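A.B. asks: model the following, please.
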Amino acid sequence: KRSKKHPGSPLTTDNHTYNQLLRSLRAPGERAFALLTGRWQALRHFTTSPRKIGRIVQAALVLTHHEHGRLP
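C.D. replies: This is a model prediction of the structure:
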């Protein structure tokens, strides 16, 4: 992304690093949610805040593991 205050200017190293960190933290959750929405139709049209989505995905993952007999 470019700076809103200075269109066309590159990001500072700090901003670039911060954005990269956010992408790396968000990516596993987004991949898991994509996999689970393929399995759980109820999740396909579900919207919520990023804070709440983690618990919903955890619950769907537990149900998926239970369904496949993968729970300890």
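A.B. asks: any stretches of the chain with poor pLDDT?
C.D. replies: 1-9, 71-72 (pLDDT under 70).
A.B. asks: how much space separates the most centrally placed residue in the chain from Gly54?
C.D. replies: Centroid-nearest residue in the chain, with CA atoms, centre = their mean: Glu30, separated by 2.9 Å. For Glu30, the distance to Gly54 equals 11 Å [CB to CB, to the nearest Å]. All C-beta atoms are positioned from the backbone trio N, CA, C, and that covers glycine.
A.B. asks: what about the helix ranked longest in the chain, distance to the chain center?
C.D. replies: Counting by DSSP state H, the longest helix found in the chain is helix 13-39. Centroid separation for helix 13-39 versus its chain: 5 Å, with CA atoms, centre = their mean, to the nearest Å.
A.B. asks: same question, stretch 59-68
C.D. replies: Distance, centroid of stretch 59-68 to centroid of chain: 18 Å (CA atoms, centre = their mean).
A.B. asks: same deal with stretch 39-49?
C.D. replies: 13 Å.
A.B. asks: kindly report the same for stretch 55-67.
C.D. replies: Distance, centroid of stretch 55-67 to centroid of chain: 15 Å (CA atoms, centre = their mean).
A.B. asks: now that stretch: buried residues?
C.D. replies: Buried residues in stretch 55-67, counted by 16 or more other CB atoms under 10 Å: 56-57, 60-61.
A.B. asks: gap between Ala32 and Asn15?
C.D. replies: According to CB to CB, Ala32 and Asn15 sit 27 Å apart.
A.B. asks: these two: which is more packed in?
C.D. replies: Ala32 (16 against 12; other CB atoms under 10 Å).
A.B. asks: what helix or strand does the closest residue to the more buried one other than its chain neighbours sit in?
C.D. replies: Leaving out its chain neighbours, the residue that sits closest to Ala32 by CB to CB, 6 or more residues apart in numbering is Val57, at 5.7 Å. Assessed by DSSP states H and E, Val57 sits inside helix 50-67.
A.B. asks: and that helix, what does it pack onto?
C.D. replies: If contacts are counted by 3 or more CB pairs under 8 Å, 6 or more residues apart in numbering; DSSP states H and E, helix 50-67 sits against helix 13-39.
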